[in-house]
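K.L.:
quick one: sequence plus predicted model below, questions after.
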Amino acid sequence: MNQDELLYLSDLNLAESYREDSRWSTNTDIAEKGDALFVCGASTFPAVNFAIRVGRQPQPPPDQFISQAKEFFAKRKRSFTITVRTHIDQDLLDKCEELKLYKIVEIPGMFIEKTLEEKPLPDGVTLKHVTNKSMVNDYAEVVALSFTRLGMPEDASRNIFSNPNTFLVPHVYAVVAYKDNKPASCALALLSHGIAGIYYVGTVETARGIGLAEQCVRTVGNAAFKFGARCVILQASIYGEPVYKRMGYQESTRYLRFLCRSR
């Protein structure tokens with residue numbers, strides 16, 4: 001797979017993850033206008049309200065894209081985040097900086113093209129494929145407790161998984177690691193466009209430092225390859241990036257997220 005194809009498929013999978021967010025939760029809304037995607041999440045927290053350009057070309061123009069996004073989110077009384085793809089969205093990046101929008105985070109996009117060697121689980125840990133509503137709730141609990149480290153309120157995280165039936169679909173492979181029979185870590189692989197993306201990786205504070213997130217990521221990534229994924233991609237937090245590099249993931253691009261108010 002060449003670099004251009006990798007980046008395009010990575011963008012498509014990332015955009016699909018935003019769409020999935022809207023399916024997993026109640027009280028959400030979504031709009032697509034050409035190559036512009038807007039997702040109103042289940043919470044007013046800006047990080048779960050997304051605007052992104054999804055095409056292979058930098059379209060629509062930045063002024064038009066931001067105007068359309070503001071119109072969409074103003075009707076829903078939400079602030080939102082603009083995702084900027086550094087490999088293609090230089091014009092949008094320039095506009096965000098011109099408008100002095102606050103850059104929330106810069107995230108490395110990473111990929112791997114092979115399965116990874118399995119490793120034994122730590123003592124007292126079991127790792128299970130999420131197959132029922134109770135386990136979806138366990139997954140949501142891990143995300144809620146672990147993503148506070150990234151500034152996400154617990155209720156905003158839980159709201160993402162408020163419609164468990166829509167999470168239990170064939171193209172989402174999720175696992176929860178249980179330590180001493182309590183949910184401790186999680187990760188999921190979303191299959192789309194011939195590849196898979198890994199999302200919502202987290203570990204509760206009391207279970208950190210023993211490699212559970214790495215175990216979850218390895219498991220869902222290897223499962224994705226068994227399902228036919230050509231590669232596995234992810235966007236790494238500052239905590240996850242060194243772990244993924246150690247596992248063999250390589251950086252392909254960067255995604256920037258800017259805070260934008262609708263009024």
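P.N.:
Cool, got the structure.
K.L.:
would you map the helices across the protein?
P.N.:
Ranges of helices in the chain, per DSSP state H, are 3-24, 62-74, 90-98, 133-146, 154-160, 212-226, 241-247.
K.L.:
the second one: which residues count as buried?
P.N.:
I take that to be helix 62-74. 62, 65, 66, 68, 69, 70, 72, 73 (16 or more other CB atoms under 10 Å). Any C-beta I mention is one placed from the backbone N, CA and C, and that applies to glycine too.
K.L.:
ok, now stretch 231-248?
P.N.:
By neighbour count on 16+ other CB under 10 Å, the buried set for stretch 231-248 is 231, 232, 233, 234, 235, 236, 237, 240, 241, 243, 244, 247.
K.L.:
pick out the most distant pair among those.
P.N.:
Greatest spatial distance among the buried residues of stretch 231-248 (CB to CB): 231 and 237, at 20.2 Å.
K.L.:
pretty sure residue 108 sits against residue 256.
P.N.:
No: judged on CB atoms under 8 Å, residue 108 makes no contact with residue 256 at a distance of 10.9 Å.
K.L.:
just to revisit the earlier point, would you format the buried residues of helix 62-74 as a markdown table with distance to residue 134 and pLDDT included?
P.N.:
Shown next, in a markdown table, are the buried residues of helix 62-74 (distance: CB to CB, whole Å; pLDDT from 0 to 100):
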| residue | distance to residue 134 | pLDDT |
| --- | --- | --- |
| 62 | 45 | 97 |
| 65 | 41 | 97 |
| 66 | 42 | 97 |
| 68 | 40 | 95 |
| 69 | 37 | 96 |
| 70 | 40 | 96 |
| 72 | 35 | 95 |
| 73 | 34 | 95 |
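K.L.:
which of the buried residues of stretch 231-248 sits closest to residue 80?
P.N.:
residue 235 (17.6 Å).
K.L.:
who does the closest one bridge with?
P.N.:
On the basis of DSSP bridges, residue 235 is bridged to residue 109.
K.L.:
now residue 230: how far from residue 167?
P.N.:
Relative to residue 167, residue 230 is positioned 24 Å away (criterion: CB to CB, to the nearest Å).
K.L.:
out of the helices of the chain, flag the one nearest residue 43.
P.N.:
Among the helices of the chain, helix 154-160 sits nearest to residue 43 (CB to CB), with 4.0 Å.
K.L.:
hey, C-alpha coordinates of that closest one in CSV?
P.N.:
Only the C-alpha atoms of helix 154-160 are listed here, as CSV (Å, rounded to 0.1, in the frame of the first residue of the first chain):
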residue,chain,number,x,y,z
GLU,A,154,-17.1,10.8,32.8
ASP,A,155,-20.6,11.5,31.7
ALA,A,156,-19.5,12.5,28.2
SER,A,157,-17.7,9.2,27.8
ARG,A,158,-20.6,7.1,29.1
ASN,A,159,-23.0,8.9,26.8
ILE,A,160,-21.0,7.7,23.8
